[in-house]
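**Q** Just need the structure, nothing else, for what follows:
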Amino acid sequence: AVAITSTTPTVCTVTANKVSPIANGDCVLEANQPGDATYAAATAVQATVSVSRTNQTITVSGAPTSSKVGATPFEIKATASSGLAVTLTSSTPTVCTIDRGLVTIIATTPQTCKIVASQAGTTSIAAAADVTTSIPIARGDQARLSFSGTTSVGWLASGGKIPIASTGGSGTGAVSIRVI
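**A** Next up is the predicted model:
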C-alpha cells in the first residue's frame, strides 16, 4: 500500500490519506511504497500543494456609543463573514459582563466596557481578527427626589415640628432639606 505523509506538518497534515490544511503556505506531500518479496521499494515522490485558507471578518452591531452606571442591560450582535459562530467576551469583567449577547454594566463608577468578538476559524477558514468594541460608561442618573409629610405652613408658625421624609436619589448619601 502507498503511504502518504506530509513533510510540512505546520502547513498540512495527512490522516487516512486525507489532507487537512493547517496554515497558509506550501504543503509538501510524500508518497512511499515499501517493497515486498517480489518487488523492490518504489522511489519516494513528492508533490507540493499551495494551501490558502479563506479569510473572514467580524461585524459587530447593536452596541451603543455610550452607557451609564445602572443602565438597563443591552444586546450586542456579531457575525462572521464566513457564517461561523462568533464568541463575545468582556475583557473588562469588573466593568461589564456579557451572556448570550446581553451586556450588563456592573461598574459603580464611570469606566469603559470592552467587548471582544472572536472567531477561531476552521481547517479551511482562517481565524478572524478580533474586534473590540469600547463603550464609555458615564455616571448614572439618580431617581427623582420626592418628599412625604405635612406641608402645611400653619403648624410651622406655631413652632411645631413636621415629620418629613425623602425618597429617590442614588440611594446613597444624605439628603439635605432646607426651609425657605
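**Q** Quick check: nearest residue in space to Ala23, chain neighbours excluded?
**A** The shortest distance from Ala23 to any non-neighbouring residue, by Cβ to Cβ, 6 or more residues apart in numbering, is to Val11 (5.4 Å). (C-beta placed from N, C-alpha, C; glycine too.)
**Q** helix or strand for the most centrally placed residue in the chain, which one?
**A** Residue closest to the mean C-alpha point of the chain, counted by Cα atoms, centre = their mean, is Leu88 at 2.4 Å. Using DSSP states H and E, Leu88 maps to strand 87-90.
**Q** which residues sit against the very next helix or strand once past that strand?
**A** The helix or strand immediately downstream of strand 87-90 is strand 96-99, counting by DSSP H and E. Residues from elsewhere that reach strand 96-99 (Cβ atoms under 8 Å, 6 or more residues apart in numbering): 76, 88-90, 103-107, 113-115, 135, 137.
**Q** Given strand 96-99, what are its sheet partners and their directions?
**A** With DSSP bridges as the test, strand 96-99 is paired with strand 102-105 (antiparallel).
**Q** Just the C-alpha atoms of the strand it pairs with, please, in PDB.
**A** The C-alpha coordinates for strand 102-105 follow below in PDB (Å, rounded to 0.1, in the frame of the first residue of the first chain):
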ATOM      1  CA  LEU A 102     -26.700  40.600  26.600                       C
ATOM      2  CA  VAL A 103     -24.300  43.200  28.200                       C
ATOM      3  CA  THR A 104     -24.800  44.100  31.800                       C
ATOM      4  CA  ILE A 105     -23.000  47.100  33.300                       C
END
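**Q** So for it, mean pLDDT?
**A** Average pLDDT, strand 102-105: 98.
**Q** buried residues in the very next helix or strand once past it?
**A** Counting by DSSP H and E, the next helix or strand C-terminal to strand 102-105 is strand 111-118. Buried residues in strand 111-118, counted by 16 or more other Cβ atoms under 10 Å: 111, 113-118.
**Q** Closest one of these to Val49?
**A** Among the buried residues of strand 111-118, Ser118 lies closest to Val49 (Cβ to Cβ), at 28.9 Å.
**Q** Please name the residues that touch that closest one.
**A** Residues in contact with Ser118 (Cβ under 8 Å, 6+ apart) are 58, 86-87, 89, 127-128, 130-131.
**Q** pLDDT check: weakest of those?
**A** Ala127 (93).
**Q** does it belong to a helix or a strand, and which?
**A** Under the criterion DSSP H and E, no helix or strand holds Ala127.
**Q** Weed out the non-buried ones from the contacts of Ser118.
**A** For the contacts of Ser118, a neighbour count by 16+ other Cβ under 10 Å gives the buried set as 58, 86, 128, 131.
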